[in-house]
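[1] sequence-free structure coming up:
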């Protein structure tokens, strides 16, 4: 979402780095470009103005002007101000008190509340909670069926009473059911509504009076732009919000809403949805978002994804194979499947410092996730003996594999050449007695300085 803004800001900082010393004129010129970049990204004008003033006040100080690396000081100042703009630190859900805790999800129709509710339920279950989803949207056709289906898919209970019961009654009955079944978090999925619809807004107020709601989360479509900020303000005036959930953060919108909404409403962003999959929900970390925007990567999020999706036993076994130079195509396939669980290639590269810009330059044509599927198909079309010893593959076998995988003999040869290069690299590292920490990093699908040679999809 922040690709265009990130490219513009990095271009500004690259020009500053080309100067030995900075003058006030240099800083002012850079800040004009920063202001234009933020406005083009649809950031609220008042937010841009206050951000620019805060950056300038710190950037023209003697500590920066007389520094040996003034450009780096300016980058740090911009980073710190972006973090402050986005909320300073992570804001967690407040689910304390006697269970069950009620979380009310509100917002406009089409913002993604139902899927966000399911994603949040899965996130809470991973933390050891026992969530209950509540189908309180009785107005949208198939809304109840959608939540029921998501509940079955994720194995999370759903409370529903059909379309003939009023939402405040449904929510009250759901709390009773949660106490009976020892559910400690109740997620109330309400209907989408316009903030000017007085009857539906009163309905939310009734739910809050009859249910002890601990968190009221406004679900906003990040692609709506500045209108999302205005709507959140008006919802907050009627139903006090405690947090925001931004959906569709993997889209190609300009991202201004994400940068403005916290500053304008005073309500912290607590979660962002980064894809369609049920696990595509991330806690909102202002410092990590600021680092991504400035092209610094997001190593902490990458490590967390690896810890969540990479099997520790498999990683240890792979480390042993690397040491003994017995890394085979089956192991390569295992690594590809674990990488796929962590997200798309472009998302992974965005988190690696220095590779975000490369990911955008390569573009979707070269960072093709479909390439991973073709590699999987090629390896699955081999016999176990061929996977263990690819040297037995002659022209006839390669043609058979190409037919079986729906690819070409050229693609089969390309994969084998890439794999041979990777094997050679592994042996070289083993001979040089690579430190244990670096071997472990390689075993978890990475390599020092970026992706390993022959990484599928990177040409």
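    Right, received. Where do you want to start? What you see is a predicted model, and the numbers here were worked out from it, not measured in a lab.
[2] Now do the strands for the stretch 101-250 of the chain: every range, in order, please.
    For the stretch 101-250 of the chain, the strands defined by DSSP state E, counting those that start in this stretch occupy 101-106, 131-136, 158-159, 185-190, 213-221, 243-247.
[3] From the chain's centroid, how far away is the third one?
    Read it as strand 158-159. Going by C-alpha atoms, centre = their mean, to the nearest Å, the spacing between the C-alpha centre of strand 158-159 and its chain's C-alpha centre is 27 Å.
[4] ok, residues contacting it?
    132-135, 147-148, 150-151, 170, 173-174, 177-178 (C-beta atoms under 8 Å, 6 or more residues apart in numbering). To be clear about C-beta, it is placed using only N, CA and C from the backbone, and glycine gets the same treatment.
[5] Narrow the residues you listed to just the buried residues.
    Neighbour counting by 16 or more other C-beta atoms under 10 Å classes 132, 133, 134, 135, 147, 150, 151, 170, 174, 177, 178 among these as buried.
[6] With pLDDT added, can I get these in CSV?
    Shown next, in CSV, are the buried ones among the contacts of strand 158-159 (pLDDT from 0 to 100):
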residue, pLDDT
132, 96
133, 96
134, 96
135, 95
147, 95
150, 95
151, 95
170, 96
174, 95
177, 95
178, 95
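[7] which one among those gets closest to residue 30?
    Closest approach between the buried ones among the contacts of strand 158-159 and residue 30, by C-beta to C-beta: residue 150, at 46.8 Å.
[8] can you pull the contacts of the closest residue in space to that closest one that isn't next to it in sequence?
    Take residue 150 and drop its neighbours on the chain: the residue closest to it by C-beta to C-beta, 6 or more residues apart in numbering is residue 118, 4.0 Å away. Residue 118 is in contact with 133, 147, 150, 151, 154, 156, 278, counting by C-beta under 8 Å, 6+ apart.
[9] Could you find the closest non-adjacent residue to the last one?
    Same thing as residue 278. That would be residue 122: by C-beta to C-beta, 6+ apart, it lies 5.3 Å from residue 278.
[10] what's the answer for the fourth one, then?
    The shortest distance from residue 151 to any non-neighbouring residue, by C-beta to C-beta, 6+ apart, is to residue 158 (3.7 Å).
[11] sorry, back to before: export the contacts of strand 158-159 to TSV and tack on distance to residue 195?
    Putting those into TSV (distance: C-beta to C-beta, whole Å) gives the following:
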residue	distance to residue 195
132	28
133	25
134	22
135	23
147	23
148	28
150	26
151	29
170	22
173	27
174	25
177	30
178	29
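[12] Out of these, flag the one nearest to residue 100.
    Taking C-beta to C-beta as the measure, residue 178 is the one of the contacts of strand 158-159 closest to residue 100, at 4.1 Å.
[13] Could you list which residues are in contact with the closest one?
    Per C-beta under 8 Å, 6+ apart, neighbours of residue 178: 99, 100, 132, 159, 184, 186.
[14] how many neighbours does the closest residue to residue 190 other than its chain neighbours have?
    Computed as C-beta to C-beta, 6+ apart, the closest residue to residue 190 that is not its neighbour in sequence is residue 136, at 5.0 Å. Number of residues near residue 136 (other C-beta atoms under 10 Å) recorded here: 29.
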